[in-house]
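Participant: give me a model of this one.
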Amino acid sequence: MRIAVGQLWQETNTLNPTPTTRADFEAFGVLHGPELVERMAETNELGGFIHSLRAWPEKPEIVGLVRLPAWPGGTATADCFAWLCDELIGALRQALPVDGVLLALHGSLAADGAPDVEGEILEAYRSLIGPRVPLVATLDLHANVTERMVRAADALVLYHTIPHIDVVETGERGAAVLRRILDGTRPVTAFQKLPLVAPVERANAHDRASVSFAIREALQLWERDPRVLSAGLATVQPWLDIPDLGSAVVVVTDCDADLARDRCAGMASWVWDHRRDYLSELPSVEEGVRMAFGEPEGLVVLGDGADATTSGSPGDSNHILREMLKYNWPRPALVPLVNPELVAEAAQRGVGTEFHAMLGGKRDPHSAPLPAVVRVESLFDARFVMTGHLARNLPIDMGPSAALRIGNVHVVVTSRSGPHFSPQLFQSAGLEPFAAQLLVAKSPCGFRAAYQGRAKRMLVVRSTGCAPSDFWQYAFRNIPRPLWPWDEITEWTPDPLVVTRDRSTAFS
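Facilitator: Residues are numbered from 1 along each chain as shown. As a prediction, the model looks like this:
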């Protein structure tokens, strides 16, 4: 038995004007064939696939296709999209014949001229393997699930948690679904698109007070039912100006259309009725920084959701930094930036030198460069292995980097985007994040997994950027309307699409 595994992972933010290119994927780490299986066996969804397949009694041959990851960012170029298709389709064509396919996808990758990249890839895979070979894909909780994706795959398996700490487990769940299909299960999928997009800041599936906690518990309870193969809610990437944008519920059962439809409709109705629970009033940047300065002990973490690199923002907004420089901090205050030109200038000047720098505001269209006299404290490579939100044993390389100091404000500047919330980023710069007075995390929610139990206080502030909390106040031209919260919708009733796999022809 031959099972093929592959990955395409990037979350697109169309409000970010900097495009995603082939170089962004190559910088993160493209892997092919056996090298994929060898190097990703303990990492994220691919690791979940591989670990599970190796535990099957018949020991299937694991065929590595290609791993194509890029950090969240702007819309992929048309050339990048063409290259991605060539890589993914070419890898599968060379691997045929196979008995099953497992794909680790994000689900919100958009390219110029191709707003539903994953839908196109899944359709291409289906055309290559035919109707009889099972195709299972995993998705991020913020996927924009489309009918094309549902019809092309035998089953879609979504993260259940935010912060996303179940990436490996999702891979394991995907492999378990594939195994059941190979053993004779006939999957039936109920799919419901909702006319809503949910803000991220309050979506904490580990907080009993959050609407996401109840949703996670329900979905995981359903999946313990042997009649259910997978159940998921995708609350979608909000900063995605594309047609067919919206949250979605997906329920896959073992040949039970009524159960799939009922569970799907019930979850969709519940989410719709509780949509306002996602809304929140955030403190201003000024309030957040002032509160952190007033804390004599412990760490305060401010989430800069509007410039969240985890949400595809450029990472060089300086709104919070500008406010931080108004204070004389008794203990270290830490803030990250993406600015390769500034890193190069710091490297040219050398450790220990001072110079007039322009901080941030080069890529973020919502802020202007901030002048300041900085001291080069260190030059380093931002490389580490991350476990936590979005990752387990995930190698990270944000390139040559510099730690700059202005009084007791420490600016960690990287050449490339990445997890600009991770404690390990600051540690790689020689800074101890948990001894700081203030730490800025460029993340709207996921940073909580890294600092829970160790920070005295965590909060997200209201700022401007490419991933704003009030995204419906920004110009979107391509989304379907009406769509909440852009539009007030008084009545809506779910009507799930039910797709049954016909092993001899195609979907019906």
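Participant: who's in contact with stretch 52-61?
Facilitator: Contacts with stretch 52-61, where a contact means Cβ atoms under 8 Å, 6 or more residues apart in numbering, come from 1-3, 5, 62, 99, 171-172, 175-176, 179. Bear in mind the C-beta positions are built from the backbone N, C-alpha and C, glycine included.
Participant: what does stretch 366-377 give?
Facilitator: Residues from elsewhere that reach stretch 366-377 (Cβ under 8 Å, 6+ apart): 306, 316-319, 321-322, 325, 346, 349-362, 402-406, 410-411, 430, 464-466.
Participant: and it, what's buried?
Facilitator: 366-367, 370, 372, 374-377 (16 or more other Cβ atoms under 10 Å).
Participant: same question, stretch 473-480
Facilitator: Under 16+ other Cβ under 10 Å, the buried positions of stretch 473-480 are 476, 479.
Participant: first-to-last residue distance for that stretch?
Facilitator: Chord length of stretch 473-480, first to last residue, is 16 Å (Cα to Cα, to the nearest Å).
Participant: next: stretch 188-206.
Facilitator: End-to-end distance (Cα to Cα), stretch 188-206: 30 Å.
Participant: tell me who's in contact with Pro336.
Facilitator: Counting by Cβ under 8 Å, 6+ apart, Pro336 has contacts 315, 411-414, 420-421, 425-426, 440, 442.
Participant: turn these into a markdown table, columns for neighbour count.
Facilitator: Output for the contacts of Pro336, formatted as a markdown table (neighbours: other Cβ atoms under 10 Å):
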| residue | neighbour count |
| --- | --- |
| Gly315 | 32 |
| Val411 | 29 |
| Val412 | 26 |
| Val413 | 29 |
| Thr414 | 28 |
| His420 | 29 |
| Phe421 | 32 |
| Leu425 | 25 |
| Phe426 | 24 |
| Val440 | 29 |
| Lys442 | 31 |
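Participant: okay if I get these as CSV plus secondary structure and pLDDT?
Facilitator: Below are the contacts of Pro336 laid out as CSV (DSSP: H, G, I helix; E, B strand; the rest coil; pLDDT from 0 to 100):
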residue, secondary structure, pLDDT
Gly315, coil, 98
Val411, strand, 98
Val412, strand, 98
Val413, strand, 98
Thr414, strand, 98
His420, coil, 98
Phe421, coil, 98
Leu425, helix, 98
Phe426, helix, 98
Val440, strand, 98
Lys442, coil, 98
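Participant: of those residues, just say which sits nearest to Gly29.
Facilitator: Thr414 (16.2 Å; Cβ to Cβ).
Participant: how about that closest one, nearest residue that isn't a chain neighbour?
Facilitator: Met398 (4.0 Å; Cβ to Cβ, 6 or more residues apart in numbering).
Participant: next: Ile242.
Facilitator: Nearest residue to Ile242 in three dimensions, chain neighbours excluded: Pro115, at 3.8 Å (Cβ to Cβ, 6+ apart).
Participant: sorry, back to before: mind checking which of the contacts of stretch 52-61 are in helices?
Facilitator: Under the assignment DSSP state H, the contacts of stretch 52-61 contribute 171-172, 175-176, 179 to helices.
Participant: could these go into TSV alongside neighbour count, pLDDT and distance to Pro283?
Facilitator: Formatted as TSV, the ones in helices among the contacts of stretch 52-61 follow (neighbours: other Cβ atoms under 10 Å; pLDDT from 0 to 100; distance: Cβ to Cβ, whole Å):
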residue	neighbour count	pLDDT	distance to Pro283
Gly171	28	98	37
Glu172	21	98	39
Ala175	27	98	43
Ala176	16	98	43
Arg179	19	98	48
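Participant: let me see the domain layout of this structure.
Facilitator: 2-278+494-500, 285-460 (automatic domain parsing).
Participant: before we move on, back to that, closest to His160 among the contacts of Pro336?
Facilitator: Nearest to His160 among the contacts of Pro336 is Phe421, at 20.9 Å by Cβ to Cβ.
Participant: any idea how far the closest one lies from Ala455?
Facilitator: 12 Å (Cβ to Cβ, to the nearest Å).
Participant: circling back: now the buried residues of stretch 366-377 in JSON lines, with distance to Val37?
Facilitator: Formatted as JSON lines, the buried residues of stretch 366-377 follow (distance: Cβ to Cβ, whole Å):
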{"residue": "His366", "distance to Val37": "43"}
{"residue": "Ser367", "distance to Val37": "43"}
{"residue": "Leu370", "distance to Val37": "46"}
{"residue": "Ala372", "distance to Val37": "48"}
{"residue": "Val374", "distance to Val37": "45"}
{"residue": "Arg375", "distance to Val37": "46"}
{"residue": "Val376", "distance to Val37": "42"}
{"residue": "Glu377", "distance to Val37": "41"}
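Participant: Val200: which of the residues you listed is nearest?
Facilitator: Closest to Val200, out of all of those and judged by Cβ to Cβ, is His366, at 17.9 Å.
Participant: quick check, pLDDT for Ala209.
Facilitator: pLDDT, Ala209: 86.
Participant: did I read that right, it in a helix?
Facilitator: No. The assignment for Ala209, made by DSSP: H, G, I helix; E, B strand; the rest coil, is coil rather than a helix.
Participant: residues near it, how many?
Facilitator: Per other Cβ atoms under 10 Å, the neighbour tally for Ala209 reads 9.
Participant: and it, what are its phi and psi?
Facilitator: Note on Ala209: backbone dihedrals following degrees, to the nearest 10 are phi -80, psi -10.
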